[in-house]
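Novice: have a look at this prediction, sequence included:
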Amino acid sequence: MTLAELGWSKFFAEAFVPYEAKGWVPARLIRETPINFSAFLGEDEEGELEEIDCVLGGKVWHDAANDADLPAVGDWVAVELGDENTDHVIRARLPRRSCFSRKMPGKTVEEQVIGANVDVVAVVTDSGPDHNPRRMERYFALIGRSGAKAVVLVNKADLFPKAHNEACAAELRELCPEADVHVTSALGGKGLGVLKKYLKKGVTMCVVGSSGVGKSTLVNQLYGEEWQWTSEVNEVTGKGRHTTVSRELVPLPKGGMLIDNPGMREIQMWTDEQTLRESFADVEARSAGCRFADCKHGNDKDCAIRAAVAAGTLDLQRLESFLNLDDEIEQLRHLAKKRQITVERWAKRNSRVKARNLNDRIQLEEDERGEWRD
């Protein structure tokens, strides 16, 4: 595969110019481990895709404002090549054209990058136990912020009646008209031809979804061999073991690349109010009819949103989802601001300590010089 087939474009080439002068080479990260990264360099002299292991340079680590600024799977980086005695070192991360991320699970206020420079995010679900419109609203909001195209696969169609599958797909299309929603069956191969239309040369697709919905089976079939190990899933609960244990970018023989992900238990928000309102455009449009501009859609007088719910033109659960996500984003912003204040306080404290230590050292040296003269 050439660099262009790996997703290299004019955008990255222009950003790489300063690093090319230093003799570094462009590479795309395909895998991350606790100690290093794996990356593709493009074709070697024999026309084979060259893969290397590389480590993160200290400057890249120290210059990152947070973990999300560090290189992630899908990123393009500048690598200083080593030899048999020295490591290949990542010296810089190129700017991202897009970034699909979520809030890191748990109480921490950190962003977790799911896939960098992604063109399409394919969410795999089903019309059975995994069907959850409220969770899909979260996915749609995160994909909207990323800048990627949203695609939904209502998978395992062979397990449920056709009418039931189509009803679930229609509900998801109504939630996000911009998304492409397809009914598929990974086991029977149904719908894979539609999915392949997105996977052109240079296009990167990130595949996400709950554990046990068939992501790894889809990857296997698209790749043409058993790339990921799959396990049995309980047909009653729809639950299964995570058959994908790490995030990895997989090149496909006929063009395109997949970023396969472990099953995602939590879809916590990492977005902004504007993106949220774009994802809930129907709710936002109705809010223009509220009497007060700062209407909270609770007990405020002449609330157009509550009137729409009462009239049956707006689903109450969708309104509650919007309000919950709005509160979640507000809380995230508050916690992030609080964390920033704490970090700034520690930085000032450390600066004072360093200045005090420097003054003490200077004073000690002056005292020593004075004793020497005496």
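Specialist: Done, it's in.

Novice: for this structure, which segments count as helices?
Specialist: Using DSSP state H, the helices of the chain run over 10-20, 58-63, 133-146, 162-175, 192-196, 215-223, 273-279, 281-287, 304-311, 316-373.

Novice: where among the ones you listed is the average confidence lowest?
Specialist: Lowest mean pLDDT within the helices of the chain: helix 273-279, at a mean of 59.

Novice: now do the same end-to-end measure for stretch 139-153.
Specialist: Stretch 139-153 has an end-to-end distance of 13 Å (Cα to Cα, to the nearest Å).

Novice: begin at 33, not 1, for the rest of this chat.
Specialist: Fine by me, first position is 33 from now on; the one you just mentioned is stretch 171-185.

Novice: list the buried residues in that stretch.
Specialist: 171-178, 180-185 (16 or more other Cβ atoms under 10 Å). For the C-beta atoms, the positions are set from N, CA and C on the backbone; glycine is no exception.

Novice: ok, stretch 196-206 next?
Specialist: Here stretch 196-206 shows 197, 200-201, 203-204 as buried, counting by 16+ other Cβ under 10 Å.

Novice: residue ranges in the stretch 133-282 of the chain under the pLDDT threshold?
Specialist: 135-142, 223, 257-278 (pLDDT under 70).

Novice: can you show me the strands along it?
Specialist: Secondary structure of the stretch 133-282 of the chain (DSSP state E, counting those that start in this stretch): strands located at 143-148, 152-158, 181-187, 212-215, 236-241, 280-283.

Novice: could I get the ones you listed as JSON lines with distance to T65?
Specialist: Output for the strands of the stretch 133-282 of the chain, formatted as JSON lines (distance: least, Cβ to Cβ, whole Å):
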{"stretch": "strand 143-148", "distance to T65": "16"}
{"stretch": "strand 152-158", "distance to T65": "24"}
{"stretch": "strand 181-187", "distance to T65": "29"}
{"stretch": "strand 212-215", "distance to T65": "34"}
{"stretch": "strand 236-241", "distance to T65": "19"}
{"stretch": "strand 280-283", "distance to T65": "11"}
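
Novice: may I ask which two of the buried residues of stretch 171-185 are separated the most?
Specialist: The two members of the buried residues of stretch 171-185 with the most space between them (Cβ to Cβ) are R177 and L185, at 20.9 Å.

Novice: so who does M33 touch?
Specialist: 72, 74-75, 81, 283 (Cβ atoms under 8 Å, 6 or more residues apart in numbering).

Novice: mind checking how far it is from Y51?
Specialist: Note on M33: its distance to Y51, by Cβ to Cβ, to the nearest Å, is 21 Å.

Novice: check V121 too.
Specialist: In terms of Cβ to Cβ, V121 sits 12 Å off from Y51.

Novice: look up the closest residue to A148, ignoring the ones flanking it.
Specialist: G106 (3.7 Å; Cβ to Cβ, 6 or more residues apart in numbering).

Novice: hmm, I typed the wrong one, I wanted S353.
Specialist: In space, S353 is closest to R166, 4.9 Å off (Cβ to Cβ, 6+ apart).

Novice: sorry, back to before: possible to save the buried residues of stretch 171-185 as TSV with distance to F324?
Specialist: Listed next are the buried residues of stretch 171-185 as TSV, based on distance: Cβ to Cβ, whole Å:
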residue	distance to F324
Y171	32
F172	28
A173	25
L174	30
I175	32
G176	27
R177	28
S178	33
A180	36
K181	37
A182	33
V183	39
V184	36
L185	42
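
Novice: circling back to that earlier point, among the contacts of M33, the buried ones, what's the ChimeraX command?
Specialist: Selection of buried members from these for ChimeraX, criterion 16+ other Cβ under 10 Å:
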select :72,74,283
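
Novice: from the contacts of M33, which has minimum pLDDT?
Specialist: Checking pLDDT across those, the minimum falls on E75 at 67.

Novice: can you get me a residue count around the residue nearest to S353?
Specialist: 14 (other Cβ atoms under 10 Å).

Novice: go ahead and confirm it touches D347.
Specialist: No: if you go by Cβ atoms under 8 Å, R166 and D347 don't touch, sitting 10.7 Å apart.

Novice: and which of the contacts of M33 is nearest to A45?
Specialist: For these, the nearest to A45 is G74 (12.9 Å; Cβ to Cβ).

Novice: so for the closest one, what's the nearest residue that isn't a sequence neighbour?
Specialist: L35 (4.6 Å).

Novice: and that neighbour, how many neighbours?
Specialist: L35, neighbours per other Cβ under 10 Å, totals 20.

Novice: gap between it and R279?
Specialist: 22 Å.

Novice: between the buried residues of stretch 196-206, which is nearest V145?
Specialist: L204 (25.0 Å).

Novice: pull up the gap between that closest one and D95, please.
Specialist: 41 Å.

Novice: how about G220?
Specialist: For G220, the distance to D95 - Cβ to Cβ - is 49 Å.

Novice: same check, this time on D158
Specialist: 43 Å.

Novice: comparing those two, which residue is more hemmed in?
Specialist: The neighbour comparison of D158 against D95 (other Cβ under 10 Å) goes to D158, with 26 against 12.

Novice: who's in contact with that one?
Specialist: So D158 contacts 186-188, 191-192, 245-246, 270 (Cβ under 8 Å, 6+ apart).
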